[in-house]
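Participant: here is my input; please provide its structure:
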Amino acid sequence: AGMILTNDKKLADQCRAFANHGAVTKHQYHMHGINSRLDTLQATLLKVKLDYLPTWNKLRQKHARQYQQGLAGLQAIQLPKTQPAADHVYHLYVIQANRRDELKQFLSKKGTQTAIHYPVALPFLPIYKELGYNRHSFPNATKWEETILSLPMYPELTEAQIDCVCEGVRAFYN
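Facilitator: Next comes the predicted model:
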């Protein structure tokens, strides 16, 4: 942690971007950077929250199981998969969806907030342009850019809320 003082706007902008993974605006990375955003207050709050983490992880896992059951059998989406010997904490619950943007808009109109986390795959960010990658270099990343959608996921979700999201997704595809 630290502080930089300058009256040079260009330098100040570069420093801000560097401390935010190289991003000038959200998801627009123009330089290599770091994540340098934790302060003492945040660290103190996180220390308190650590005691709750196991419970929150179990709740998100329970929610994920409900999503898995509620969305099972829909051919137009792909649900997250886990390995048998692994635990997933479901910080996000990300599906791959045909007609993703239309689904996102449909759910939004029904009051369900969704997100597209990392809408540009790392190899396609401007910062890596000089490496000469193209869409054929990373076919999975290209596909995921067009299909990933994060459904609501947080410990306080209720069964009724998850059912509502599942009903919305099913209604869209039916």
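
Participant: centroid residue for this structure?
Facilitator: The centroid of the chain falls nearest to residue 117 when counting by Cα atoms, centre = their mean (3.4 Å).

Participant: so how far is residue 93 from the nearest residue to it once chain neighbours are set aside?
Facilitator: Spatial nearest neighbour of residue 117, chain neighbours left out: residue 150 (5.3 Å); criterion: Cβ to Cβ, 6 or more residues apart in numbering. All C-beta spots, glycine's among them, are computed from the backbone N, C-alpha and C. Between residue 150 and residue 93 the computed distance is 6 Å (Cβ to Cβ, to the nearest Å).

Participant: ok, residue 104 next?
Facilitator: 14 Å.

Participant: again, but for residue 162
Facilitator: 9 Å.

Participant: anything in contact with each of the two?
Facilitator: 63, 67, 152 (Cβ atoms under 8 Å, 6 or more residues apart in numbering).

Participant: strands of the protein, start to end?
Facilitator: Assigned by DSSP state E, the chain shows strands spanning 23-25, 28-29, 77-78, 93-97, 148-151.

Participant: so for residue 169, which of these sits nearest?
Facilitator: strand 77-78 (6.9 Å; Cβ to Cβ).

Participant: give me the contacts around that closest one.
Facilitator: Here strand 77-78 has contacts from 71, 95-98, 147, 169, 173, using Cβ under 8 Å, 6+ apart.

Participant: partners of it in the sheet?
Facilitator: strand 93-97 (antiparallel) (DSSP bridges).

Participant: show me the two of the contacts of strand 77-78 that sit farthest apart.
Facilitator: Farthest pair in these, by Cβ to Cβ: 71 and 147, 14.5 Å.

Participant: give me the pLDDT value at residue 159.
Facilitator: As predicted, residue 159 sits at a pLDDT of 98.

Participant: please enumerate the helices of this structure.
Facilitator: 9-18, 40-49, 53-71, 100-109, 139-147, 159-173 (DSSP state H).

Participant: quick one: mean pLDDT for the longest one?
Facilitator: By that I understand helix 53-71. For helix 53-71, the per-residue pLDDT averages 97.

Participant: now it: buried residues?
Facilitator: By 16 or more other Cβ atoms under 10 Å, the buried positions in helix 53-71 come out as 57, 59-60, 63-64, 66-67, 70-71.

Participant: also the last one?
Facilitator: The neighbour-count criterion (16+ other Cβ under 10 Å) identifies 162, 164-166, 168-169, 172 as the buried residues of helix 159-173.

Participant: for those residues, which one is nearest residue 45?
Facilitator: Nearest member of those to residue 45, counting by Cβ to Cβ, is residue 162, at 27.1 Å.
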